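K.L.:
Predicted coordinates and the sequence they were generated for:
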Amino acid sequence: MKDFKRHNPFITPAGYFDQFAVSIMQQVAQMPMAAVRPARSMVRRIQMWVSYAGIAAVVALVFIVGQGENGDLTSGTSGTASISILDNALAEATEKDLDAAYDYLTSNESTIYDYATENP
C-alpha cells in the first residue's frame, strides 16, 4: 500500500491533450445526425389536455342536449330548453368576457411569464 501512495500508475501519453479537442470534433462530425424533437413545456401540455377536456365536454353536451326526454332524438322538448339556456348564457356574455376566455385558452408560456412578472 505504501507504494501506491508514492507512485501514480495512471500516465497520459505525451501531447495527448494538445490534439484532444480536434480529435473529439472529428469524431462528432462523423456521427450521424439524430432527429431532434422539440421539447414540450409543461404549460403546453396543460393547454393540450385542457383543450381535450373542452372538446370532450362539448361532445358530451351535444349528446345530452340531443337525447330528449325518453332518449328519442326527435322529441326535442328538454333538448330545446337546454339549448335556449345555453343561448341565453352566450347572449349575456359580454365581448370582454369572451376576450378574456380566449386569452386564457390561447395563453402560452411566455404570456404566463409576462403576467407573473407584472403581477407579483
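P.N.:
Received the coordinates, thanks. Residues are numbered from 1 along each chain as shown.
K.L.:
Give me the mean pLDDT for the longest helix belonging to the chain.
P.N.:
When the chain is parsed with DSSP state H, its longest helix is helix 42-67. Mean per-residue pLDDT for helix 42-67: 86.
K.L.:
List the buried residues for that helix?
P.N.:
Buried residues in helix 42-67, counting neighbours by 16 or more other C-beta atoms under 10 Å, are found at Q47, V65, Q67. Just so you know, the C-beta spots here come from the backbone N, C-alpha and C atoms, and that holds for glycine as well.
K.L.:
Could you check how far the first one is from S41?
P.N.:
It stands for Q47. 9 Å (C-beta to C-beta, to the nearest Å).
K.L.:
what helix or strand does L90 sit in?
P.N.:
Element membership for L90, per DSSP states H and E: helix 77-92.
K.L.:
swap in S23?
P.N.:
Per DSSP H and E: helix 20-30 holds S23.
K.L.:
Quick one: low-confidence residue ranges for this structure.
P.N.:
For the chain, the stretches with pLDDT under 70 are 1-6, 68-80, 82, 120.
K.L.:
Mind giving me the packing neighbours of whatever helix or strand comes next after the helix holding L90?
P.N.:
Downstream of helix 77-92, the first helix or strand assigned by DSSP H and E is helix 95-105. Applying 3 or more C-beta pairs under 8 Å, 6 or more residues apart in numbering; DSSP states H and E, we find helix 95-105 packed against helix 42-67.
K.L.:
how much distance is there from the helix it packs on to the middle of the chain?
P.N.:
With C-alpha atoms, centre = their mean, to the nearest Å as the basis, helix 42-67 stands 16 Å off its chain's centre.
K.L.:
same deal with stretch 26-44?
P.N.:
Distance, stretch centre to chain centre, for stretch 26-44: 19 Å (C-alpha atoms, centre = their mean).
K.L.:
Any buried residues in that stretch, and which?
P.N.:
By neighbour count with 16+ other C-beta under 10 Å, stretch 26-44 contains no buried residues.
K.L.:
Can you check the distance spanned by that stretch, start to finish?
P.N.:
Using C-alpha to C-alpha, to the nearest Å, the end-to-end distance of stretch 26-44 comes to 38 Å.
K.L.:
Contacts for it, please.
P.N.:
The contact list for stretch 26-44 (C-beta atoms under 8 Å, 6 or more residues apart in numbering) reads S107, N108, E109, I112.
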